[in-house]
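fold the following.
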Amino acid sequence: MKILKKMLAVFLVIIMLLSPTSINLKKDIFVNAVQFHEGNTIIFGSYPQSEVKDRDLITTLNYLAPSWYEWTSYCYYSGDGSIGSMIQGDWMRYVDIEYSNEKYRGVMFTEYRPYYTYKTSTITYQDDNGYNTDTIYWFKFEPLEWIFLDTMSALVMCKTIVDAQPYCNT
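Here you go, the predicted model:
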């Protein structure tokens, strides 16, 4: 019930923020309507977090997954060290699968993502953490918790690091 109330509050905030009323009025309504204060948290959305270790579940998810070519590319950037050399690669892809009322993300890469995106590298964080190329790894989607940093501007920050990647080629 508590989560439902929080989700309804977030939905109402989004509706209010998209309405044509003034920004100050939206901030006042937001703060008064949901009574959040800096440091309060809400649960909103989900992201693949915990790695699946159950061999039977992994086998089932691998069976349900489409072929690699139907997966979505992360389009991560990588380069050779020269300025502007970074290009989006197609060497890491993902697919989302729903099974037994749970959602999972399969991730596979054909080459390692280098330590630094501005130069080539043969050592990576991926192999440092035990991940191998051409192997599907499954992660379970779990709820995300957000902390209010400023209720007047509705500024929130996720308590979990969900992703990190360069967004351009320089």
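
only C-alpha atoms from now on, for both contacts and neighbour counts.
Fine.

state which strand of the protein is the longest.
For the chain, the strand with the greatest residue count under DSSP state E is strand 137-150.

buried residues of that one, list them for me.
137-141, 144-149 (16 or more other CA atoms under 10 Å).

spell out the residue ranges of the helices in this structure.
Secondary structure of the chain, counting by DSSP state H: helices at 2-18, 23-34, 55-64, 125-128.

which of those helices has the lowest mean pLDDT?
For the helices of the chain, mean pLDDT drops lowest on helix 23-34, to a mean of 47.

helix or strand with the lowest mean pLDDT in this protein?
helix 23-34 (a mean of 47; mean pLDDT, DSSP states H and E).

what stretches of the chain score poorly on pLDDT?
The model of the chain has pLDDT under 70 over residues 1-34, 78-85, 113-123, 125, 127-128, 164-170.

residue 91 reaches residue 73, doesn't it?
Yes: using CA atoms under 8 Å, residue 91 is in contact with residue 73, at 7.5 Å.

ok, back up a step: output the buried residues of strand 137-150 in a markdown table, with distance to residue 163 appended to each entry.
Listed next are the buried residues of strand 137-150 as a markdown table, based on distance: CA to CA, whole Å:
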| residue | distance to residue 163 |
| --- | --- |
| 137 | 16 |
| 138 | 16 |
| 139 | 13 |
| 140 | 15 |
| 141 | 14 |
| 144 | 13 |
| 145 | 15 |
| 146 | 15 |
| 147 | 17 |
| 148 | 20 |
| 149 | 20 |
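
what separation do you get for residue 70 and residue 152?
As judged by CA to CA, to the nearest Å, residue 70 and residue 152 stand 43 Å apart.

compare those two (neighbour count), which wins?
Using other CA atoms under 10 Å, the more surrounded residue of residue 70 and residue 152 is residue 152, with 17 against 11.
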